[in-house]
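Novice: Predicted model, plus sequence, below.
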Amino acid sequence: MEKQLGVSRRSVLKLAAVGSTSYGLTRAFGLGNPRSAFAQGSDTLVAGFSTDKIERLDPAILQGLEHMQIGNHIYSGLTYADHNLEPQGDLAESWEVSKNGREWTFQLRKGVKFHDGEDFTADDVIYNYNRIKDPKTGSIHRSRLDEIDTIEKLGTHVVRFKLKSSSGSFLITLTGLPGRALIIASRKSLEKMGAEQYSITPVGTGPFRVAEHQVGTKFVLERFDDYYRGVPKLKRVIIIPVTEPETVVAALRTGEIQFHTQPPTQFFDILQRDPNITMMEGPDTGFRGLMLNQNKVPAFKDVRVRLAIAKAIDRDVLAKRAFFGRVLPGVGPIPAAQKLYFREFKRQISAQKYDPDTAVRLWEESGVGKLKLKTVSSVAAADLRSAQVLLPLISKVLPIEFEIEQVDPSVNLKRFRTGDYETRVGGSGADIDPNDSIRDFFITNAKFNSFGYGGNTTLDTIVEEQFREGNQQRRIALVHLAEDMVMADAPMAFTHHLIEYLAVRKELKNFRMSPTPTWSFAQASMA
Amino acid sequence: MRTYLLKRVLYSLLVMWGVATLVFFMLRAIPGDPVSVILGEEATPEAAAQLRHNLGLDGPFYVQYVRWFARLLRGDLGRSILAGEQVTVLLLQAAPRTFSIAALALCISLMLAIPAGIISAVKKHTFPDHLATVIAFLGLSMPNFWLGIVLILFFAVHLGWFPALGYVPLAEGFWPWLQHLLLPAFTTGTAFAAIIARMTRSTMLEVLNETYISTARSKGLLERVVVLKHALRNALIPVITVIGIAFSLLLVGTVVVEDVFAIQGLGRTLVRSIINRDFPVVQGAILLVSGIFVGMNLLVDILYTYINPKIRFE
């Protein structure tokens, strides 16, 4: 045997000894039972977030969905938005509104503590208001407080706001949601740490406090035992940035993470088949589409051209090919999460509904002929895929040749702000009120209106009227009217609304899905 | 030797300064800026201007450069524009992770490659040689992100032997540290092992044809002694050059593997900072990496003199 195979018995025995010793060592030292880098006990949740790193959590400049989701666990506002996006009392226990709707007097909750031990009082509300309004702070949310004329302290726990006019959405402005401008940050910690350090380890009044932050690696939240709305059951939440789709799936399946904010849509079937994982689904709070810049492309000044492009888009095909069927085809700016304002039948009545014959007719009537257009898209997979599917769909109907310009985030944002694009794949997110969806984008000189749309004074008037309207039913009617006008004017070709998916392992209990960024781990526990 | 070393160190510092200066100005010349990333779509011109002022980005480039260089001479690499954290802290957190992956990748590669190269050379044109060649080409042509994903699927998800992501510092235990590094290190080291194996084979073949090898054999020495003691030592000289340079490349080449395994190492930190225009982090990381490159080159040159006493510094 030895000579035929050219292998000696001694070699075989040596190999067998090495093999069994190796196996024994792996079992003895637990090499076969890998310990997660982040697991720290059965009352600890490890949550994967779809972001490179967690940065700049100072409320003055806090933006970005993932940061908002995290900030929601650390901060509070005078109100909070519930799962129906309706404002409820938070740091404010109750409030009274004057007859003319311009004076709002809030009774603040007593006994509330910041994570640093300081008591929350009316002084903190005024401090944060002044800080956001101060130009030296450089807050991006400053304009949200423009409707406030004055703020005064009436008692240790009483504060009054006087508005410039009545408002239908003032309570939303006061929610603790990041981006709402009046998040209550700790004055003592801000002054002690400085804004730079505060951005890394913020201090608020929310259900969790920041225990540790290794930028890019992990962000550790610990439950706050003095939380006024009930101490969370979870002792710790460890947030780790995980973006690679395959790694997200693997980590969920092995249980190294028990939650992920954006499970990759291309692997849904795999995740859904896993009995340990539940895919939670809910309407997103934004809209997406193709922005048509009238300042850069004169042809876009003709509404027939804009409408033709909007009508040339088969949104069902787009949803299927670019997003694996996991988005809601959309024709207007109001997202499904804004339940009071969203109309399911909108697709049937919208001026932008798919109608290639009318698209061709409108195009020919405009006399614009052939067009060559550049489209700015971020390098993010979803946006790029969207552009790669959307643009050929339009070109199939209309004589337009598109060229995609892929740009990285800093260039994309700069070009959006400065209006340096012909067309752009983009949209909005975290819109919990119609003002976010319509007023911020589609009135003349709106803050996100970098695509040269404006001059529709009727629309401007209606949007301002709904902004001031205190009666909910009247406000709903005005919002619908405004949305119809925006769809008919087609400043952008709306394409879809995202559906929010969260991947949750069975170990995580009592977690309730609600529209981003309002969901929270405050009531959740681990099995 | 001392004079030579001193000259090399001074030259290295000059190279590092040149690289850092070039990177400083290039970063500011390319489109995009960090303020856009920090403030996002809601950025108002006033907020952007204020933030630019607060971060010291509103002065002329040469003023920013002088400020940065003055801080650098004091050992201060500045703060990350996006994260607000000290650059030194970020790099001190990231570097050990990348070093660990690269060092383990190097060990695994050498453990696989050198024996494979020796066997290939000694058993030239036989089955072991052909097998080693095929495996080497496979290792070279496989994209390492694909390999990483496959390894995760098989060893982490199906077998449950290793974790799918993360890093445990060595201070928290040797075995957890090793467990978390084995898959990323193997992924990183595969292509490198292939190169070393081929190179070892090639240099061994050359050396085995030398007359002193024939002399050694004719003296009646065991073949094992001829190969390992007489041939290998000389064959390794060019291989060591490659190892030195490759280790430096491994340190920055781990970005894809770091992404796949969600490890915030140097590569991932550097690439993300470039994308987001986080100038201080890019500058600090490039400075560190260029220091490593020149240091490795110097170390390799010194190692030569020990491996081959005939080599002396002029």
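Specialist: Good, I have the coordinates. Numbers count the residues shown, from 1 in each chain, chains lettered A, B, ... in the order given.
Novice: Spatially central, which residue of chain A would that be?
Specialist: Geometric centre of chain A, nearest residue: A:Leu65, 3.3 Å, by C-alpha atoms, centre = their mean.
Novice: model confidence over stretch A:282-296, on average?
Specialist: The average pLDDT for stretch A:282-296 rounds to 94.
Novice: I meant to write stretch A:454-468 there.
Specialist: Mean predicted confidence for stretch A:454-468 is 94.
Novice: For the most centrally placed residue in chain B, identify the helix or strand it belongs to.
Specialist: In chain B, the residue lying closest to the centroid (C-alpha atoms, centre = their mean) is B:Leu251, at 2.0 Å. Using DSSP states H and E, B:Leu251 maps to helix B:232-253.
Novice: so where's chain A shaky on pLDDT?
Specialist: For chain A, applying pLDDT under 70 flags the ranges A:1-7, A:19-36, A:39-41, A:176-180.
Novice: scratch that, chain B is what I was asking about
Specialist: Judged by pLDDT under 70, chain B has its weakly predicted residues at B:305-314.
Novice: Helices of that one, start to end?
Specialist: Secondary structure of chain B (DSSP state H): helices at B:2-29, B:34-39, B:45-54, B:61-73, B:87-122, B:127-141, B:144-151, B:174-208, B:211-218, B:223-225, B:232-253, B:255-260, B:266-275, B:279-307.
Novice: Need those in a markdown table (columns: distance to A:Gly168).
Specialist: From N, CA and C alone the C-beta is placed, and that goes for glycine too. Shown next, in a markdown table, are the helices of chain B (distance: least, C-beta to C-beta, whole Å):
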| stretch | distance to A:Gly168 |
| --- | --- |
| helix B:2-29 | 45 |
| helix B:34-39 | 27 |
| helix B:45-54 | 26 |
| helix B:61-73 | 46 |
| helix B:87-122 | 45 |
| helix B:127-141 | 63 |
| helix B:144-151 | 50 |
| helix B:174-208 | 53 |
| helix B:211-218 | 91 |
| helix B:223-225 | 88 |
| helix B:232-253 | 54 |
| helix B:255-260 | 45 |
| helix B:266-275 | 40 |
| helix B:279-307 | 43 |
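Novice: residues near the spatially closest residue to A:Tyr453 that is not a sequence neighbour, how many?
Specialist: Excluding its sequence neighbours, the residue lying closest to A:Tyr453 (C-beta to C-beta, 6 or more residues apart in numbering or on different chains) is A:Pro491, at 3.6 Å. Using other C-beta atoms under 10 Å in any protein chain shown, A:Pro491 has 27 other residues around it.
Novice: just A:Met485 next, same as before
Specialist: By other C-beta under 10 Å, the residues close to A:Met485 number 17.
Novice: Make sure it is indeed in a helix.
Specialist: Yes - the assignment for A:Met485 is a helix, going by DSSP: H, G, I helix; E, B strand; the rest coil.
Novice: What's the local residue count around A:Leu371?
Specialist: Neighbour tally, A:Leu371, other C-beta under 10 Å: 18.
Novice: For it, list the residues it contacts.
Specialist: A:Val297, A:Ala299, A:Pro399, A:Ile400, A:Glu401 (C-beta atoms under 8 Å, 6 or more residues apart in numbering or on different chains).
Novice: Now do the contacts for residue 232.
Specialist: Because you didn't say which chain, this covers chain A. Residues near A:Pro232 by C-beta under 8 Å, 6+ apart: A:Pro207, A:Phe208, A:Arg223, A:Phe224, A:Phe521, A:Ala522, A:Gln523, A:Ala524.
Novice: actually it's chain B I care about, not the one you picked
Specialist: Applying C-beta under 8 Å, 6+ apart to B:Leu232 gives the contacts B:Ile118, B:Met204, B:Val207.
Novice: Save those as a markdown table, and put in neighbour count and distance to chain A too.
Specialist: Formatted as a markdown table, those follow (neighbours: other C-beta atoms under 10 Å in any protein chain shown; distance: C-beta to the nearest C-beta, whole Å):
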| residue | neighbour count | distance to chain A |
| --- | --- | --- |
| B:Ile118 | 20 | 17 |
| B:Met204 | 25 | 22 |
| B:Val207 | 20 | 26 |
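Novice: how far away is the closest residue to B:Asp129 other than its chain neighbours from chain A?
Specialist: Spatial nearest neighbour of B:Asp129, excluding adjacent residues (C-beta to C-beta, 6+ apart): B:Ser120 at 4.6 Å. Note on B:Ser120: its distance to chain A, by C-beta to the nearest C-beta, to the nearest Å, is 17 Å.
Novice: Enumerate the residues of the stretch 301-450 of chain A near chain B.
Specialist: Applying C-beta under 8 Å from any C-beta of the partner chain, one finds that the stretch 301-450 of chain A approaches chain B through A:Val407, A:Asp408, A:Pro409, A:Ser410, A:Val411, A:Leu413, A:Lys414, A:Phe416, A:Arg417, A:Lys447, A:Phe448.
Novice: okay, now the closest residue to the residue nearest to the centre of chain B other than its chain neighbours: neighbour count?
Specialist: Spatial nearest neighbour of B:Leu251, excluding adjacent residues (C-beta to C-beta, 6+ apart): B:Ala102 at 5.1 Å. Using other C-beta under 10 Å, B:Ala102 has 29 other residues around it.
Novice: Which of the residues of the stretch 301-450 of chain A next to chain B fall within strands?
Specialist: Among these, DSSP state E puts A:Val407 in strands.
Novice: Dump the residues of the stretch 301-450 of chain A next to chain B to JSON lines, plus distance to A:Asp124 and neighbour count.
Specialist: As requested, those are arranged in JSON lines below (distance: C-beta to C-beta, whole Å; neighbours: other C-beta atoms under 10 Å in any protein chain shown):
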{"residue": "A:Val407", "distance to A:Asp124": "41", "neighbour count": "20"}
{"residue": "A:Asp408", "distance to A:Asp124": "39", "neighbour count": "18"}
{"residue": "A:Pro409", "distance to A:Asp124": "34", "neighbour count": "18"}
{"residue": "A:Ser410", "distance to A:Asp124": "34", "neighbour count": "23"}
{"residue": "A:Val411", "distance to A:Asp124": "39", "neighbour count": "23"}
{"residue": "A:Leu413", "distance to A:Asp124": "32", "neighbour count": "24"}
{"residue": "A:Lys414", "distance to A:Asp124": "35", "neighbour count": "20"}
{"residue": "A:Phe416", "distance to A:Asp124": "34", "neighbour count": "24"}
{"residue": "A:Arg417", "distance to A:Asp124": "32", "neighbour count": "20"}
{"residue": "A:Lys447", "distance to A:Asp124": "27", "neighbour count": "17"}
{"residue": "A:Phe448", "distance to A:Asp124": "30", "neighbour count": "18"}
